[in-house]
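Visitor: I'd like to go over a predicted model; first the sequence, then the structure.
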Amino acid sequence: MEFLEWCGRHPIITILALWAVSELILKGLNRTYRMIMVSIRGWPPAHLDADGDWKPIPKPEEES
């Protein structure tokens, strides 16, 4: 019961700690999913450059 009492006395620290732990878990899941998708589909997709930015649409050259 000591931990719950400590949480009751320090609510802001408890909220920040819970947020940090949940953020780490969600980032870990996100990165794992991303790794699997890149392994399956390859990188970069055709519509992105090597940095992951959208490729610019080439302008048609004007004929003179």
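Guide: Arrived safely. Model, not experiment: these values are computed from the prediction.
Visitor: I'd like to know which elements the one helix or strand residue 30 maps to is packed against.
Guide: Assessed by DSSP states H and E, residue 30 sits inside helix 11-41. If contacts are counted by 3 or more C-beta pairs under 8 Å, 6 or more residues apart in numbering; DSSP states H and E, helix 11-41 sits against no helix or strand. Every residue, glycine included, has its C-beta placed from N, CA and C.
Visitor: name the SS class of residue 44, please.
Guide: Here residue 44 is recorded as coil under DSSP: H, G, I helix; E, B strand; the rest coil.
Visitor: that one against residue 55, yeah?
Guide: No: look at residue 44 against residue 55 with C-beta atoms under 8 Å: they stay out of range, at 9.1 Å.
Visitor: those two: who's more crowded?
Guide: Each of residue 44 and residue 55 has its neighbours counted (other C-beta atoms under 10 Å); residue 44 has more, 14 against 11.
Visitor: so what's the more buried one closest to, chain neighbours aside?
Guide: residue 50 (5.8 Å; C-beta to C-beta, 6 or more residues apart in numbering).
Visitor: find the least confident helix or strand in the chain, judged by mean pLDDT.
Guide: Ranking every helix and strand in the chain by mean pLDDT, DSSP states H and E puts helix 2-9 at the bottom, with a mean of 91.
Visitor: dump that helix to PDB, keeping only the CA atoms.
Guide: Below are the C-alpha coordinates for helix 2-9, written out as PDB (Å, rounded to 0.1, in the frame of the first residue of the first chain):
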ATOM      1  CA  GLU A   2       3.000   2.300   0.300                       C
ATOM      2  CA  PHE A   3       3.200   2.900  -3.400                       C
ATOM      3  CA  LEU A   4      -0.400   3.900  -3.700                       C
ATOM      4  CA  GLU A   5       0.000   6.300  -0.700                       C
ATOM      5  CA  TRP A   6       3.100   7.800  -2.400                       C
ATOM      6  CA  CYS A   7       1.100   8.200  -5.600                       C
ATOM      7  CA  GLY A   8      -1.600  10.000  -3.700                       C
ATOM      8  CA  ARG A   9       0.900  12.400  -2.200                       C
END
